[in-house]
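J.: Have a look at this fold, sequence not included:
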Ligand SMILES: *Cc1c(COP(=O)(O)O)cnc(C)c1O
């Protein structure tokens, strides 16, 4: 055994020991037992993919089954006769969602899916004029967001080439600085209609300074919205106090509400009662008092509920409710505190596994304030082989072309022991142990 390998194996034992102690003192450790873990090689997987699809809570089936039972029992009359009447069913998650994103209940709604909500919000909050028509966004943004933005720009007769301002990292770096983002907003200020940022960037895992970006956008007279796909349930949010105009998110990543889950939207209360604000309307956004009288004139209901189009997706909402109950019980404050410790531990374990290799590196910011749970590891070559080898050893992470593995220890269900076990496997597939 070389001296280096001996050091490594000692290090690995000490990670295991530290993990045991950290798990023993973790107040949230029992939440892990509330989730189904997929099996790999006859054992529960080492699952680090909560940034892509969160695990299924045990209670999801019970709550979904309960609504299937209501449907069997009541048929159409379930709209009013069900224990939680479907007429107002979307509101069973309102208070919990509001708490999660830092909003008043009338500022949030669970509806549709993420990209649909992004379009609905842009119809209302991207109102370009010949002077103000630009949208500022982070570079290398998630394709769906770029497609949505580009198509909205074209819808209004503008050229994406000039209207989309994508802020790229400085050469030799992977992430943005707040100063850089704020400077871009000031530079393009008078011609900017909308600043549309991620809360946490899907590729790098960088958490952006949402309050500063909001302040800068509002100072130049632009609207500001956030895509919280990778932020909700991951980092603490305070959308109302930050004065954000709108936000959208999906619920199948950190929120564990299942594939194709019902998404969410936030609309600041200063827009709650603006019947003339352009929007794409549907009957479920109409004032409840006249919804079923089938009036000809659309009369939007107060707040974010007024952006609903269709009657609520009861089964996905039941799944979302099962998950939000767990978030309420655990609390974002405790989850955030554990997240920082768990991710810092993962960072240490990954750095140790990388050892002397210079062709592999963590590109997620080192500063806990600039990240959530996810760590993105970039490979100069051969990353896909490492990813495949991890899979063979029962590790579930994800591969993002061209060269990144995303590893996300979710504080809701991952343990420190999971992270230590991942470290040993990562070390062996990287070839930094013998
Ligand atoms: C996950 C994700 C999406 C996915 O959009 P859907 O409409 O839910 O399919 C879009 N944008 C971002 C930034 C994401 O992280």
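T.: Arrived safely, thanks for sending. Worth saying up front: this structure is predicted, and the values here are computed from it rather than measured. Numbering: from 1, shown residues only.
J.: Please list the residues of this protein that sit near the ligand.
T.: The chain comes close to the ligand at residues 113-115, 142, 144-145, 198, 202, 227, 229-230, 250, as judged by CB under 6 Å from any ligand atom. For the C-beta atoms, the positions are set from N, CA and C on the backbone; glycine is no exception.
J.: could you redo the last one with a cut-off of 5 Å?
T.: Taking CB under 5 Å from any ligand atom as the criterion, the neighbours of the ligand within the chain are 113-115, 142, 144-145, 202, 227, 229, 250.
J.: Top of those residues by number of neighbours, please.
T.: By neighbour count, taken as other CB atoms under 10 Å, the most surrounded of the residues of the chain next to the ligand turns out to be residue 227 (30 neighbours).
J.: Name all residues that make contact with residue 132.
T.: Taking CB atoms under 8 Å, 6 or more residues apart in numbering as the contact definition, residue 132 lies against 190-193, 221-222.
J.: quick revisit: Serialize the residues of the chain next to the ligand to TSV and add fields for secondary structure and pLDDT.
T.: Written out in TSV, the entries for those read as follows (DSSP: H, G, I helix; E, B strand; the rest coil; pLDDT from 0 to 100):
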residue	secondary structure	pLDDT
113	coil	98
114	helix	98
115	helix	98
142	coil	93
144	helix	96
145	helix	97
202	coil	97
227	strand	98
229	coil	98
250	coil	98
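J.: Show me which pair in those is furthest apart.
T.: Pairwise distances among the residues of the chain next to the ligand were taken by CB to CB; the largest, 16.0 Å, belongs to 113 and 202.
J.: just the strands in the stretch 151-300 of the chain please.
T.: Taking DSSP state E, counting those that start in this stretch as the test, the strands found in the stretch 151-300 of the chain are 164-167, 192-198, 223-227, 246-249, 264-267.
J.: Make TSV from those strands and add distance to residue 49 to it.
T.: Output for the strands of the stretch 151-300 of the chain, formatted as TSV (distance: least, CB to CB, whole Å):
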stretch	distance to residue 49
strand 164-167	27
strand 192-198	18
strand 223-227	19
strand 246-249	18
strand 264-267	21
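J.: between the ones you listed, which gets nearest to residue 383?
T.: Checking the strands of the stretch 151-300 of the chain against residue 383 by CB to CB gives strand 192-198 as the closest, at 22.8 Å.
J.: now the angle from the closest one to strand 223-227?
T.: Here strand 192-198 runs at 20 degrees with respect to strand 223-227, directions being taken by axes from the mean of the first three to the mean of the last three CA atoms, to 10 degrees.
J.: And strand 192-198, what's buried?
T.: By 16 or more other CB atoms under 10 Å, the buried positions in strand 192-198 come out as 192-198.
J.: Looking at those, spot the one nearest the ligand.
T.: Distance ranking of the buried residues of strand 192-198 against the ligand, using CB to the nearest ligand atom, places residue 198 first at 5.5 Å.
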